[in-house]
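S.K.: Pasting the sequence and the predicted coordinates here, then a few questions.
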Amino acid sequence: MTSVSVSRPMLAPPDVPDTAVRVPDMSGVRLAVFTETFRPQVNGVARTLERLVQTIEAYGGAVHVFTADDPAATPEAGVTRFPSRAFWAYPQLRLAWPSAAATLDALTAFNPTLVHLATEFGMGLAGRAAARTLGVPIVSSYHTNFTAYAKHYRLGALARPGWKYLRWFHSAAKGTFCPTQAVVTDLEAQGFTRCAVWSRGVDSQRFSPRHRRPLWRARAGAWDDTLLVTYVGRLAAEKGLDVALEAVRLAAEQRPAQIRMLVVGDGPGEAEAKAMAADCVHFAGRLEGDALQEAYASGDVFIFPSTTDTFGNVMLEAMASGLPVLGADVGPTREVLAQGGGWLVPPGRAAAFAALLVRLVDDRATLQRAREEALVVAATRDWDAVWARLFSAYRAIQELR
């Protein structure tokens, strides 16, 4: 196997939340969120927005979500859904194009003090127009690396006009919130203004090594002396799962019966992933709640080969569960691992990932130290500190109205 060096991140994080800051009272804030994705969908954006809604309400504010309908959704207070269709290139994503009149009527009825545009498609456009008509201040957030997605879905010709459109869309916002400083830097290079970091945290009570279960390891064919490599996320082309599967295959060839892989998630690339997976890979499907927590904690290392994610919430969940991360060496992942808790591997290099896996099979002391380090890093990623910064920005923008 070709020898390729990997690195341990030793950088100081560029924008770590101040955990001493208190979450401000949100009484008087009436936040309207426009998004294409929301529960019951399971992805990083939907889960972050769900937590945002819960936290705003817990601190005295009011929230109303305007989103696309979903066949699995049930009616609920505080959520208005508009007719939608599955996006042809990614059927799990539903796009809605509500009329201007319907959106304006619904937003007027809620009487918001602030509008947050979380996606740039039909829902975001509708919310943008209605908020400007009502004179309500707008903030936006940037969650998706659209140029990378365009490449993976053979829509590369749209990349250049796409940046022009995104600049125009976010120009209406008094602040555009990005998951990492790396994303802020990328957007500013494209001419975006008023960008700031809205980081992510992790619930270390929910995700914890105490949820480790021998049953989950047995399901994956892993025992005490097996290195169980875990992947959690969408099964899609842009996630780099092919790199992870190839890395595990290469490593397992060198250490037969000592390496297994647990894949958690579903998506449009599921059939292709299963077709290329080695016999040592177990697909668990989409998991939630206790099953997800146990699946995380029952692994030994977490593999995150994506070069397109703007944050990768799953990395924090894995570290809180006691799993160090093997991540592709790209800006957002580098930033998440800046305090340690894993290794950075050359992007797209399955052989480099495999070499590190073999090393960890042979060097359990290094693995144990990395597990302990991951737990320490996860403990610093406090959600309250994240909300304190975001909500302070919300209040400042609302008061400038």
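M.R.: On my side now, so go ahead. Numbers count the residues shown, from 1 in each chain.

S.K.: which intervals of the stretch 151-300 of the chain have sub-threshold pLDDT?
M.R.: 151-160 (pLDDT under 70).

S.K.: shouldn't Asp203 be in contact with Trp383?
M.R.: Yes. Using C-beta atoms under 8 Å, Asp203 makes contact with Trp383 at a distance of 6.7 Å. In short, each C-beta sits where N, CA and C put it, glycine included.

S.K.: the helices in the stretch 251-400 of the chain, which residues?
M.R.: Counting by DSSP state H, counting those that start in this stretch, one finds helices in the stretch 251-400 of the chain at the ranges 270-276, 289-297, 313-320, 331-336, 350-362, 364-379, 383-399.

S.K.: Give me the helices and strands touching the shortest one, please.
M.R.: Contact here means 3 or more C-beta pairs under 8 Å, 6 or more residues apart in numbering; DSSP states H and E; on that basis helix 331-336 packs against helix 181-189, helix 313-320, strand 325-328.

S.K.: Residues in contact with that helix: which ones?
M.R.: 9, 11, 13-14, 179-183, 185-186, 304, 306, 309-312, 315-316, 325, 327, 344 (C-beta atoms under 8 Å, 6 or more residues apart in numbering).

S.K.: does Arg51 sit in a helix or strand, and which one?
M.R.: helix 44-58 (DSSP states H and E).

S.K.: tell me the angle that helix makes with helix 313-320.
M.R.: 70 degrees (axes from the mean of the first three to the mean of the last three C-alpha atoms, to 10 degrees).

S.K.: I'd like to check the angle between helix 44-58 and helix 383-399, please.
M.R.: 70 degrees.

S.K.: Quick check: buried residues in helix 44-58?
M.R.: Gly44, Val45, Ala46, Arg47, Thr48, Leu49, Glu50, Arg51, Leu52, Val53, Thr55, Ile56 (16 or more other C-beta atoms under 10 Å).

S.K.: Check what pLDDT the last one gets.
M.R.: pLDDT, the model's per-residue confidence, is 98 for Ile56.

S.K.: Count the neighbours of the closest residue to Arg206 other than its chain neighbours for me.
M.R.: Spatial nearest neighbour of Arg206, chain neighbours left out: Gln293 (6.3 Å); criterion: C-beta to C-beta, 6 or more residues apart in numbering. Using other C-beta atoms under 10 Å, Gln293 has 22 other residues around it.

S.K.: ok, now how distant is Gln293 from Ile56?
M.R.: Applying C-beta to C-beta, to the nearest Å, the value for Gln293 to Ile56 is 25 Å.

S.K.: next one: Gln190
M.R.: Using C-beta to C-beta, which is the criterion applied here, Gln190 is 30 Å from Ile56.

S.K.: What would stretch 75-88 look like as CSV? C-alpha coordinates only.
M.R.: What follows is stretch 75-88, C-alpha atoms only, in CSV (Å, rounded to 0.1, in the frame of the first residue of the first chain):
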residue,chain,number,x,y,z
PRO,A,75,-50.2,18.8,11.1
GLU,A,76,-48.6,20.7,14.0
ALA,A,77,-48.9,24.1,15.5
GLY,A,78,-46.3,26.6,14.5
VAL,A,79,-45.6,25.0,11.1
THR,A,80,-47.2,26.0,7.8
ARG,A,81,-46.5,23.7,4.9
PHE,A,82,-46.9,24.4,1.2
PRO,A,83,-47.4,21.9,-1.7
SER,A,84,-44.1,20.6,-3.0
ARG,A,85,-42.5,18.1,-5.4
ALA,A,86,-39.4,15.9,-5.1
PHE,A,87,-36.3,17.4,-6.7
TRP,A,88,-35.5,15.3,-9.7
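
S.K.: Would you mark the buried spots in it?
M.R.: In terms of neighbour count (16+ other C-beta under 10 Å), stretch 75-88 has its buried residues at Val79, Thr80, Arg81, Phe82, Ser84.

S.K.: taking those one by one, which sit in strands?
M.R.: Counting by DSSP state E, the buried residues of stretch 75-88 place Val79, Thr80, Arg81, Phe82, Ser84 in strands.
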